[in-house]
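A.B. asks: starting from these lines, generate the structure:
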Amino acid sequence: MRPMQANRHTTITVWDPLIRIFHWLLASSFVIAYVIEDERLNLHLLAGSIIAGLLLFRLSWGFIGTPFSRFRDFLYSVAEIRIHLSGLLRLSASSHPGHTPAGSVMIFILLASLALLSISGIALYGIEQGHGPLGFLTEAAGLETMYFFKAAHRLLADSIAILIALHIGGVLLESILQKQNLTLAMITGRKNIQQPTKEVI
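C.D. replies: As a prediction, the model looks like this:
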């Protein structure tokens with residue numbers, strides 16, 4: 001008799017409650033802020049403030065959080081990202097307990113873009129309304145500066161909306177290839193993964 005490698009599926013907890021709350025609260029806050037724009041400024045500002053606060057939380061949690069939520073746990077090399085993307089083009093599934101290499105790239109891009117969106121929003125609020133951490137800009141900045149931040153804020157928001165659409169598409173594709181509901185996993189925190197086992201034949 002000789003040992004033979006086989007795979008068995010097991011369910012593990014990947015996403016902790018704070019990460020799951022962060023994910024859905026961030027998504028809903030962005031949608032609210034994006035849809036209403038300046039029609040209801042107070043609600044737009046509230047949603048934007050929540051986004052900024054969530055980003056500060058995610059920054060700290062990326063260093064002191066649970067496994068799979070720490071940045072170092074989903075840092076992949078360029079080669080790993082290229083191999084993963086090549087596999088996706090061939091519609092080939094790959095198993096990753098946490099973020100996939102392609103997913104990790106999207107997460108970092110989204111976090112950076114949302115940070116820039118928050119900064120541009122705070123600057124624009126300071127210039128136009130004279131309030132907030134950058135309220136002093138209302139006297140120092142001219143119309144050209146205001147138009148710049150307004151255009152940057154709008155461009156960033158539209159770009160993030162496109163990134164979110166790509167992110168959703170990627171999650172759906174990975175869900176099909178991995179034969180599991182990754183959206184549900186972000187609700188329950190649990191995923192099915194393959195673990196090698198040895199069988200004796």
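A.B. asks: check contacts around residue 103.
C.D. replies: Applying C-beta atoms under 8 Å, 6 or more residues apart in numbering, we find residue 103 in contact with 74, 170-171, 174. (Glycine included, C-beta is placed from N, CA and C.)
A.B. asks: would you say residue 191 is within a strand?
C.D. replies: Yes - looking at residue 191 with DSSP: H, G, I helix; E, B strand; the rest coil, it is inside a strand.
A.B. asks: dump the residue contacts of it.
C.D. replies: Neighbour list for residue 191: 11-12, 14, 97, 180, 182, 185 [criterion: C-beta under 8 Å, 6+ apart].
A.B. asks: following element in sequence after the helix or strand where residue 145 lies, please.
C.D. replies: Using DSSP states H and E, residue 145 sits in helix 143-178. Sequence-wise, the next helix or strand downstream of helix 143-178 (DSSP H and E) is helix 182-188.
A.B. asks: residue ranges of the strands in the chain, please?
C.D. replies: Assigned by DSSP state E, the chain shows strands spanning 3-13, 190-200.
A.B. asks: picking up where we left off before, take the contacts of residue 191 and write them to JSON lines, including distance to residue 144.
C.D. replies: Listed next are the contacts of residue 191 as JSON lines, based on distance: C-beta to C-beta, whole Å:
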{"residue": "11", "distance to residue 144": "56"}
{"residue": "12", "distance to residue 144": "54"}
{"residue": "14", "distance to residue 144": "47"}
{"residue": "97", "distance to residue 144": "49"}
{"residue": "180", "distance to residue 144": "51"}
{"residue": "182", "distance to residue 144": "45"}
{"residue": "185", "distance to residue 144": "47"}
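A.B. asks: thank you kindly, that will do.
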